[in-house]
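**Student:** Compute the structure for the input listed below.
(chains A, B, C and D)
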There are 4 protein chains.
Amino acid sequence: MKQKIKLGMIGGGEGSFIGPVHRIAARMSNDYDLVAGVFSSKAEKSMTFAKQIGIAKERAYPNWQTMLQKEQQLEAGIEAVAVITPNHTHYPICSAFAQAGFHIICDKPLTNTLENAKKLQQELEGKSQVFCVTYNYSAYPMVKQARAMVADGQIGAIKQVNLNYVQGNLAAYHPSEKNSWRHDKSKGGASLVLADIATHAFHLGEYVAQIELEEVFAELGPSYKQRIVDDYVSCLLRFKNKARGMMWVTNCAAGAEHGLSFRIFGTKGGLEWHQETPNELRHRRIDDFEQILTRRKGNKLLPLANESVFLPYGHPEGYNEAFANLYKETARGIRQIKNKESLQLPDGFPGIEAGVRGLSFVEACIKSKEQGIWIRF
Amino acid sequence: MKQKIKLGMIGGGEGSFIGPVHRIAARMSNDYDLVAGVFSSKAEKSMTFAKQIGIAKERAYPNWQTMLQKEQQLEAGIEAVAVITPNHTHYPICSAFAQAGFHIICDKPLTNTLENAKKLQQELEGKSQVFCVTYNYSAYPMVKQARAMVADGQIGAIKQVNLNYVQGNLAAYHPSEKNSWRHDKSKGGASLVLADIATHAFHLGEYVAQIELEEVFAELGPSYKQRIVDDYVSCLLRFKNKARGMMWVTNCAAGAEHGLSFRIFGTKGGLEWHQETPNELRHRRIDDFEQILTRRKGNKLLPLANESVFLPYGHPEGYNEAFANLYKETARGIRQIKNKESLQLPDGFPGIEAGVRGLSFVEACIKSKEQGIWIRF
Amino acid sequence: MKQKIKLGMIGGGEGSFIGPVHRIAARMSNDYDLVAGVFSSKAEKSMTFAKQIGIAKERAYPNWQTMLQKEQQLEAGIEAVAVITPNHTHYPICSAFAQAGFHIICDKPLTNTLENAKKLQQELEGKSQVFCVTYNYSAYPMVKQARAMVADGQIGAIKQVNLNYVQGNLAAYHPSEKNSWRHDKSKGGASLVLADIATHAFHLGEYVAQIELEEVFAELGPSYKQRIVDDYVSCLLRFKNKARGMMWVTNCAAGAEHGLSFRIFGTKGGLEWHQETPNELRHRRIDDFEQILTRRKGNKLLPLANESVFLPYGHPEGYNEAFANLYKETARGIRQIKNKESLQLPDGFPGIEAGVRGLSFVEACIKSKEQGIWIRF
Amino acid sequence: MKQKIKLGMIGGGEGSFIGPVHRIAARMSNDYDLVAGVFSSKAEKSMTFAKQIGIAKERAYPNWQTMLQKEQQLEAGIEAVAVITPNHTHYPICSAFAQAGFHIICDKPLTNTLENAKKLQQELEGKSQVFCVTYNYSAYPMVKQARAMVADGQIGAIKQVNLNYVQGNLAAYHPSEKNSWRHDKSKGGASLVLADIATHAFHLGEYVAQIELEEVFAELGPSYKQRIVDDYVSCLLRFKNKARGMMWVTNCAAGAEHGLSFRIFGTKGGLEWHQETPNELRHRRIDDFEQILTRRKGNKLLPLANESVFLPYGHPEGYNEAFANLYKETARGIRQIKNKESLQLPDGFPGIEAGVRGLSFVEACIKSKEQGIWIRF
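**Tutor:** Presented below is the predicted three-dimensional model:
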């Protein structure tokens, strides 16, 4: 039996959406024991929540500094930490835990500024720890299939990349939104829409198309006068191989639900995927009928996709399975390191570089909007 | 913190599809510790597999009889057992564990014969244990929403019920299929298609429409001469309120994936749901445009549905979440009993009656086919 | 230039849905001049309507008998007649015009009784006229493609045929409905739902699957006590090659729109088509991903389909184009006869036999319901 | 009976896709007699084709100048002319026919340059003729419904406009394409993709959203080195009310079919429409479930949409019906003028202004690409 990896968690307590997702993902993977944590910036709330979810009292910490110090001293202390805190705290937390040798699963965006992201990247250089940035949408089997098909040449040379993330959770303006850290630029980052969701779309685009973005021209801003953060970004994209693209990302599309999707076209055909129906990948072909690819494990999917499937086709998977794939892949990497094997993360695994690249994109968009020009990336 | 319920498992070992589903469901619910089990009818295989999934050596049993005997003697023995074995063993196992006072989660069909199902029902009469038959498709939020809408009168008096379960896993004939217990009538039951999947469709129909089937006329048989079990059934249905219906269930639809769906119509409108896209419920209305209902937790769904949601809308859920709902609901019932509260299972929770009713349906279909007449149900 | 065929029309005047469809179809085909007609059983209304649509005064007739007599005497009289009248009048009209040598386009059902249908068939024997029964749904390109694929063996031996026509135009009961000829059994036929729409579904099934129905078992009736005609039929079907099937046809599905569809499965795969999105044909394959076939003229469709396409792919066609295909095909046949060429109607063209077969199906269903047994067809 | 309008046609002969569409549209409308025409720039080909489609010999002309001269002299000469020629000939033809008092139906783009478009507009000033630019996609009932809903305030203040026209007819490069007038900038206009299809998308956006574009930033070019014309354009859009938008238009999306669609969002909800499934309009609502609007004539659609419906709901309409709507609306206007009534074209009817605006958009995009800046519109 594979020994469980001892996991600590920072953030994701009472009222969090993504906290439970991390914990379910860890349990679905069956690779972790969540044994320690800090679940609120308020010590008392942290302790209460930890108790509710069954963390032993002595390992429910008032703050991450204490957790770091104490767990380091334990013989069977945590091996990995999940960082689910407001963006501006990612850097100090990750930096400290990284230097102490822990494996890290950190929510995107990697940090609140590109500067911090790059510092963290430097600090990690040469270290043999797994660092996972939760670009969870790239962990859906059909997204992996898309990546594998592009790599396999089935789409030909990529010509066009279209990325959408059109959701509606900020469709109406509420004065109370100012109380959220996401709406405070010093915490969430300079641009809510870019940090919060455009980083996902950007990562998805490069993950699938496997061509690097070279230049961006962006329109950016809020949709309501009273709103202090951006809820809309649209960009024109130029890639290294002369491919072109667009991105439309907003939190302010009234009535929309999630709305993350990609459409790419190459010289041989195209691929289209929508996160809301994630078990289908539409494959358009220049000289034949369109195909609907599904999770046919062991049959027609390419290995990268097949390995990430939980259930036989026809039995729908969803958001939790994709998130759990990141936890599984991270665990596999951790075990390889523990076993002194060479680290073999799956192709495209979202590590620190992908995190830094996300912040580069954020900064390029902001600069483009400010200067009204294409920004080299 | 809620204390975990100690769970044993019988069946679902090496090569099983549904075993891992049960274990993921238990972990997703966060309500159970899987602490004991028998994972094969062959003792050695059972022990090996138990070790792989982290069951303590002393609680990995060679057979269910031993497990029953030993766990009863433990102070902290299992409280509930999941029965994931071939159909013909459901009765003896459930009967023994039920008499010993354990809570039971048993795969459908409840047993291999109606006779056994009824015996088990009698044995359970008056007992205060939770018995769950894994009609997991009825545990999807949007299916619960359909039930709640019908109960709420939003569809009017039900007039038509159309049920499909059109899958393709037996689309080709393979001589080796005879080696499977499912293809052995003494084990799987008199009719593969009826026992294996039509029971799901039948349960789904009564669960949603909330009217009892009264008469059935069935066509039934295999699609290949060499096949010894049925892979096709189609039925005409008459319900108690004069509603009519149809069912089309087959394992032999080449190229189809899962294909479970319902369409019902009442005097005010209709509902349509497809398991392959489970997060949508189409609501047709007699005097207005069609609506697409989704998992809008806390907003527009009725309580029965809202309570079963894991994630915010737009973040797709799937098969695992629905299965986990059964585990969560069972756990809630077990805790009520442990806490001497009155047992409050959710409306429509699939218990022993639903299991018996499934076998009644199987027998009625077989009889109808044999006699060429409508069979009163 | 191809000379226009001179067309007369009986029925389809003020308030008719299908009258304008016939006229648009004739104009779309560009093969006809509508030069004479009777547009109401009331002479005055007929004349008024004829004037409105530009029929010369002297060829706007008070009744069909007069039209027959007069047009026969004209040198440039009509060559073909479209019969769009209540079902019980189809026989006398078609019989008279057939005997007088006219080509006929007659709405389905061919007649109100099987007896009349057979009489008409006998009368037409040996005659060299084109007789078209407007089974218009079989004239969609993607339906023709389905037929051609089955004939080509791409689906393998057909095993299952599922037919639906689930519409809602009689979802509510209105006392005034009794005033419609469709609700008068002496005019519309013994069973509204069977005559009006099930004949379409039945024809579509045999057209696509190309296997003959052998036995039927039917459930049939109205959905409201006050309603005097059937609005619901469901059947189990047995075909000559041992294939099985089902049919669900109703006018009483609240909120449904049109709802005609087929799903067939053979040993190699399956085909699915929905009239409401007629430009797509789903092709499931036993060993590969599903394909979405569209009207790719000149490229991938089989000839039978390609010949019936109006527009390049991506430019949606609809109901009118399918109807116009029947007019085009009829005109081609008429011209062949006029040119003394051998008559070459397209494969599967719906002639008198298809009309008779529809009535046979109606009678078999009624008999099955009355006797509660399978009826040999 | 309404008297037919005598129609002449220029262009649209042998091998043309859009010629037959115009003729079917004219016939479907039942408002026109096509009595004269020039069907090729080569006189002989024109005469041959005219004969094929039944134009009287004496009214099949060798060129448009002759047709103009001769038809003016006839007592019963044409009243309207359809201009279906290469873009660079639109201006001289329309100018001449307009000055001679004819009604004109002219294909988009209105002309090959903005300069010519404006000249034509000036020439038409004060004239009482109907001028229709065939922005046919705006004539679908569900597009009209979208416009009417926006006007009715059902979507709230428009915030975002997303326009796509992603087709694949130039997905591969063929050396022979240089022989087409569309690939000759002196004929088709400075930018193929802009003139040919982006003008449609642009018109659709302003037609539905009813807010004027104010600024555009565009990326533009060919996708193959050898190709001399643009096949790709993407733009960022700024509208007068501070709404923002994007446009993605290409002829080079391998495997795509037609791909015209819009998604708009306002403060209350959003609308989405795809030309390939034109009978559905998705209506997202900020505080309720999504609705699927269909052509429910006389019931739930707003008048602008209802008036343009041919068939009852459930009976799909397509491209031909939308085109025919333009012909019907033009005919209605012509008759109003003939009857000395005040001219009442339907709200949003695409006249000369819409044509000029299309060319303004083309020029703005080209300028933006050249200068790398936002262009005020």
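**Student:** Please count neighbours and contacts with C-alpha atoms only from this point.
**Tutor:** OK.
**Student:** Can you show me the helices along chain A?
**Tutor:** Residue ranges of the helices in chain A, as given by DSSP state H, are A:18-29, A:43-52, A:64-73, A:87-99, A:114-124, A:141-151, A:185-188, A:192-193, A:199-209, A:303-306, A:319-338, A:352-371.
**Student:** State the distance from the residue nearest the centre of chain A to D:Leu326.
**Tutor:** When chain A is reduced to its mean C-alpha position, the nearest residue by Cα atoms, centre = their mean turns out to be A:Tyr135, at 1.8 Å. According to Cα to Cα, to the nearest Å, A:Tyr135 and D:Leu326 sit 49 Å apart.
**Student:** ok so, going back, which one of the helices of chain A lies closest to chain D?
**Tutor:** Within these, the stretch nearest chain D is helix A:352-371; the backing value is 10.3 Å (Cα to the nearest Cα).
**Student:** what residues does the closest one touch?
**Tutor:** Contact partners of helix A:352-371, identified using Cα atoms under 8 Å, 6 or more residues apart in numbering or on different chains, comprise A:108-114, A:117-118, A:121, A:131-133, A:191, A:194-195, A:199, A:202-203, A:216-220, A:235, A:374-377.
**Student:** What are the buried residues along that helix?
**Tutor:** Buried residues in helix A:352-371, counting neighbours by 16 or more other Cα atoms under 10 Å in any protein chain shown, are found at A:352, A:354-369.
**Student:** before we move on, what about stretch A:157-172?
**Tutor:** Taking 16+ other Cα under 10 Å as the basis for neighbour counts, the residues of stretch A:157-172 that come out buried are A:157-172.
**Student:** swap in stretch A:92-109?
**Tutor:** A:93-98, A:101-109.
**Student:** now, the most widely separated pair of these?
**Tutor:** Comparing every pair within the buried residues of stretch A:92-109 by Cα to Cα identifies A:Gly101 and A:Pro109 as the most remote, at 21.5 Å.
**Student:** Give me every residue in the stretch 51-200 of chain A lying close to chain B.
**Tutor:** By Cα under 8 Å from any Cα of the partner chain, the residues of the stretch 51-200 of chain A that approach chain B are A:Lys51, A:Gln52, A:Ile53, A:Gly54.
**Student:** hang on, the earlier thing: return the closest of the buried residues of stretch A:157-172 with respect to C:Arg227.
**Tutor:** A:Gly168 (47.2 Å).
**Student:** what pLDDT does that closest one get?
**Tutor:** Note on A:Gly168: pLDDT of 96.
**Student:** burial measure for the nearest residue to it once chain neighbours are set aside, as a count.
**Tutor:** If you skip the residues right next to it in sequence, A:Gly168 has A:Ala253 as its closest partner in space, 4.4 Å away by Cα to Cα, 6 or more residues apart in numbering or on different chains. The local packing of A:Ala253 (other Cα atoms under 10 Å in any protein chain shown) involves 34 other residues.
**Student:** so who does A:Ala253 touch?
**Tutor:** With contact taken as Cα under 8 Å, 6+ apart, A:Ala253 is in contact with A:Val166, A:Gln167, A:Gly168, A:Asn169, A:Leu170, A:Ala171, D:Gln160, D:Phe265, D:Gly266, D:Gly269, D:Gly270.
**Student:** for A:Ile10, same thing?
**Tutor:** The contact partners of A:Ile10, taken as Cα under 8 Å, 6+ apart, are A:Gly37, A:Val38, A:Phe39, A:Ser40, A:Trp64, A:Val81, A:Ala82, A:Val83, A:Ile84, A:Thr85.
**Student:** Against A:Glu75, how distant is it?
**Tutor:** Between A:Ile10 and A:Glu75 the distance, using Cα to Cα, works out to 20 Å.
**Student:** Likewise for A:Asn112?
**Tutor:** From A:Asn112 over to A:Glu75 (counting by Cα to Cα), the distance is 34 Å.
**Student:** Of those two, which one has the most company?
**Tutor:** Between A:Asn112 and A:Glu75, counting by other Cα under 10 Å, A:Asn112 is the more crowded of the two (25 against 7).
**Student:** about what we covered before: can you tell me which two in the contacts of A:Ile10 are farthest apart?
**Tutor:** Among the contacts of A:Ile10, the pair separated by the greatest distance (Cα to Cα) is A:Ser40 and A:Val81, which sit 15.1 Å apart.
**Student:** residues near the residue lying closest to A:Asn164 once chain neighbours are set aside, how many?
**Tutor:** In space, A:Asn164 comes closest to A:Trp248 once its chain neighbours are excluded; the distance is 4.8 Å by Cα to Cα, 6+ apart. Other residues within reach of A:Trp248 by the criterion other Cα under 10 Å amount to 23.
**Student:** Apart from its neighbours in sequence, what residue is nearest the residue of chain A most remote from its centre?
**Tutor:** Note on chain A: the largest separation between a C-alpha and the mean C-alpha position, by Cα atoms, centre = their mean, falls on A:Asp287 (35.3 Å). In space, A:Asp287 comes closest to D:Gly255 once its chain neighbours are excluded; the distance is 7.0 Å by Cα to Cα, 6+ apart.
**Student:** show me what contacts the one you found?
**Tutor:** Contact analysis of D:Gly255 by Cα under 8 Å, 6+ apart lists A:268-270, A:284-290, D:167-168, D:171.
**Student:** ok, it to D:Ala195 distance?
**Tutor:** As it turns out, when the distance is counted by Cα to Cα, D:Gly255 lies 22 Å from D:Ala195.
**Student:** And A:His274, by the same measure?
**Tutor:** In terms of Cα to Cα, A:His274 sits 31 Å off from D:Ala195.
**Student:** more crowded one of the two?
**Tutor:** Taking other Cα under 10 Å, A:His274 and D:Ala195 do not tie; D:Ala195 has more neighbours (26 against 20).
**Student:** Hmm, D:Pro109 and that one touching each other?
**Tutor:** Yes - the pair D:Ala195 and D:Pro109 qualifies as a contact (Cα atoms under 8 Å) at a distance of 5.8 Å.
**Student:** No further queries at this time; thank you.
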